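Asker: the sequence and its predicted three-dimensional model are supplied below.
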Amino acid sequence: MSNASWIVFAVASVALLAVPGRSALLVIAYALGHGKKTAFATVTGVTLGNLVAIGVALAALLLMLQMPPAAYDYAIWFGSAFIVYVAVRTWRAPVAGGLIADNDNLPEEKPLRVIAHCCRETIRNTRNTLFLVALLPQFMTAGEAFLPHAWEFATTFAILSVVTTLAYALAAGKIREFLRKHPKRRGITRASGTVLIAAGTVTAGYRKIAA
């Protein structure tokens, strides 16, 4: 994968991971309820869940690479359209969840159970998995070596997951106050949505130029 392609993939991944969805709000709730000491467990759990998501997406990519070239090209363009669709939905939607309180009822306290809880909730976010299924084919053509690309995709996404989740855990108090002052949170979702739209457009244009 070229440097330009990697940058586009990384930016799209950050935009996807930075949207304050179910996992992010759960990380904030644990940090507020049990302190920043939960950061290791919550970051680990969310990252494991995201690794499952990209693992599913890589398996789907491997299957798509077995398709005839024409069918694979159609899948790529359908993926670009789906990325833009998700981006528009993100741009228009409020941040998931309500206000976060210090005493939110959290079912787990032990680190391993917190990890399992965060992992489970992240896996339940099928939007991320579907987005990755649509995104990954944009950066591979039939005939390219699969394993090197898979390694780059997985490691990049995992590292970005750690960084974004850790940011939510360490800045939980400030983020909670921001969300309280901006109950509709339109600025956050619109910023992420705009980046995703740009990523979908750029990847589509990149594929056309490469062809």
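Answerer: Received the coordinates, thanks. Numbers count the residues shown, from 1 in each chain.

Asker: quick one: low-confidence residue ranges for this structure.
Answerer: 90-108, 179-211 (pLDDT under 70).

Asker: need the three-state assignment for residue 109.
Answerer: Three-state assignment for residue 109 (DSSP: H, G, I helix; E, B strand; the rest coil): coil.

Asker: OK, contacts around it?
Answerer: For residue 109, the contact set (CB atoms under 8 Å, 6 or more residues apart in numbering) comprises residue 34. Quick note: C-beta positions are derived from backbone N, CA and C, even for glycine.

Asker: just the helices in the protein please.
Answerer: 3-18, 22-34, 39-64, 69-92, 111-123, 126-135, 146-170, 172-181, 186-210 (DSSP state H).

Asker: can you lay out the ones you listed as TSV showing mean neighbour count?
Answerer: Output for the helices of the chain, formatted as TSV (neighbours: other CB atoms under 10 Å):
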stretch	mean neighbour count
helix 3-18	18
helix 22-34	23
helix 39-64	20
helix 69-92	17
helix 111-123	19
helix 126-135	21
helix 146-170	17
helix 172-181	15
helix 186-210	17
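
Asker: dihedrals phi and psi, residue 171?
Answerer: Note on residue 171: backbone dihedrals following degrees, to the nearest 10 are phi -110, psi 30.

Asker: mind checking how far it is from residue 116?
Answerer: 24 Å (CB to CB, to the nearest Å).

Asker: how about residue 27?
Answerer: Separation of residue 27 from residue 116 (CB to CB) stands at 14 Å.

Asker: what's the answer for residue 61, then?
Answerer: In this view, residue 61 and residue 116 are 27 Å apart by CB to CB.

Asker: just residue 35 next, same as before
Answerer: 19 Å.

Asker: and if you look at residue 25?
Answerer: Relative to residue 116, and taking CB to CB, residue 25 is found at 18 Å.

Asker: now residue 87
Answerer: Using CB to CB, residue 87 is found at 31 Å from residue 116.

Asker: what's the answer for residue 141, then?
Answerer: Counting by CB to CB, the gap from residue 141 to residue 116 is 38 Å.

Asker: cool, and residue 14?
Answerer: The separation that residue 14 has from residue 116, given CB to CB, amounts to 26 Å.

Asker: and what of residue 64?
Answerer: With CB to CB as the criterion, residue 64 and residue 116 are 31 Å apart.

Asker: same deal with residue 134?
Answerer: Distance of residue 134 to residue 116, computed by CB to CB: 28 Å.

Asker: could you do residue 71 as well?
Answerer: On the measure of CB to CB, residue 71 and residue 116 end up 39 Å apart.

Asker: what do you get for residue 31?
Answerer: 18 Å.

Asker: with residue 133 instead?
Answerer: 25 Å.

Asker: also residue 123?
Answerer: 11 Å.

Asker: what sits up against stretch 149-164?
Answerer: By CB under 8 Å, 6+ apart, stretch 149-164 touches 1, 6, 9-10, 13-14, 17-18, 24, 43, 46-47, 50-51, 54-55, 57-58, 61, 132, 136, 139-140.

Asker: relative to the whole chain's centre, how far out is that stretch?
Answerer: 10 Å (CA atoms, centre = their mean, to the nearest Å).
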